[in-house]
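> kindly generate the corresponding structure for this input.
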Amino acid sequence: TASHNPKEYNGLKFCLKGGEPIGYDAGLDRVEELSNKPIKIKKPRGRLTKKSIKTHYVKTLASFATTINSTAPIVIDASNGSTGQILPELLQKLKLRKIKRLNFKADGRFSTHPPDPLEPKSLRLLGKEVRAQKARIGIIFDADGDRLHIVDEKGKHVRPEYILILLAKYLAKPGQKIVYDLRSSWSVREELRRARLEGMPSKVGRTNIYREMKRTKARLGGELSGHYFFKELGYIDDAALAMIHLFSLLNDHEGYISELIRPFDRYYTSGELNFRVKEREAAITRVYNAIRAKFKDAKIDFLDGLSIECKDWWFNLRPSNTQALIRLVVEARDEKLLDKRVRMLTKLIEQ
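Model prediction:
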């Protein structure tokens, strides 16, 4: 797997017993160190077992589905990745007939569109097909099938935190914990509070969400990249299960997903903005000092990079976990203020 990276990349995904992911602060650095050294095996260790888990996996996924009666078409794009290998059998078990299949055939060249579902070309092609089919919803997976993104009936991308809110209200009971990416909209914590659910902000990253869910025994978790984590799967993320729960949710509502998320869409966001700077920590410190001096009443948090919250706007600035970039997310109560704050922060970062 290389997740959503271009075709030039390849790799392996390691996990511990129970599916626990391994990050750089949990042993992956040691694995990398060992992989760069000559490997000498003096004697065989353990056993190698080959087993196909496809049928069991599909059966397990299908067991979480309620009755799904879809009268309107649904468009699903597997991005020429691994999800296309399990979806035909899964959709048959779910008895879904009106499915427009896109890019179900595995193709490591990704000749139709990039394997990243958030690339504009990927979403544009999905949205075009949704409109052409007059579909109720469009779903796109990344190449290794652990992330999914949604477009509504008009082909417009739905923010992942809005999907998390919908799933939380549908699956969780009052008092249960929901772990969310700290870059998520103010709407997330407000809607969770309204539903009497306990929101738990987490550092960005798949392994971080997993650990926070396991630590707090949360019902559900979500990240802006499109990962959704479920207690029923041992806190592991699974995009296909997120799709099934979403189908069940829509089955209980007559309207479109755009109508369901409309109440959440009350703030203005920059999305994730990336900056390539020579000294990442120096840039973050520079922003911290400037904002702290200018906004005396701001709430400051260092859970992941720098988060600063004011009355009418907030931002998070953090080093990327995977690239030599710093990433900025800004949200404000109105569009004019958002634009003003993005320009201010950009100037500080690029000094």
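> okay, now the unreliable bits of this structure?
1 (pLDDT under 70).
> apply 80 and report the result again.
Applying pLDDT under 80 to the chain flags residues 1-2, 23-26, 41-45, 67-71, 254, 321-324.
> can you list the domains in it?
In the assignment given by automatic domain parsing, the structural domains of the chain cover 54-264, 268-349.
> could I get the full set of helices for the stretch 101-250 of the chain?
120-133, 160-171, 186-194, 206-216, 239-251 (DSSP state H, counting those that start in this stretch).
> closest to Ser70 out of these?
Closest approach to Ser70 among those (Cβ to Cβ): helix 239-251, 7.2 Å. Backbone N, C-alpha and C define where each C-beta goes, glycine included.
> so what touches the closest one?
Applying Cβ atoms under 8 Å, 6 or more residues apart in numbering, the contact partners of helix 239-251 are 61-62, 64-70, 74, 76, 83, 86-87, 90, 94, 96, 136-137, 139, 141-142, 145-148, 150, 163, 166-167, 170-171, 226-228, 230, 233, 257.
> which among those residues end up buried?
Among the contacts of helix 239-251, those scoring as buried are 61-62, 64-65, 70, 74, 76, 83, 86-87, 90, 94, 96, 136-137, 139, 141-142, 145-148, 150, 163, 166-167, 171, 226-228, 230, 257 (criterion: 16 or more other Cβ atoms under 10 Å).
> backbone torsions only: list them for the spatially most central residue of the chain.
Centroid-nearest residue in the chain, with Cα atoms, centre = their mean: Gly226, separated by 1.9 Å. Dihedral pair for Gly226: phi 110, psi 10, per degrees, to the nearest 10.
> if I look at the closest residue to it other than its chain neighbours, how far off is Asp107?
Leaving aside its sequence neighbours, Gly226 sits nearest to Arg147 (Cβ to Cβ, 6 or more residues apart in numbering; 3.7 Å). From Arg147 across to Asp107, the span is 18 Å (Cβ to Cβ, to the nearest Å).
> report how many residues lie close to the residue lying closest to Arg266 once chain neighbours are set aside.
Residue nearest to Arg266 in three dimensions, not counting chain neighbours: Ser187, with 6.3 Å by Cβ to Cβ, 6+ apart. When neighbours are defined as other Cβ atoms under 10 Å, Ser187 has 20 of them.
> surely Ser187 touches Arg262?
No - counting by Cβ atoms under 8 Å, Ser187 stays clear of Arg262, with 11.2 Å between them.
> what's the burial count for Phe247?
If you count neighbours by other Cβ under 10 Å, Phe247 ends up with 19.
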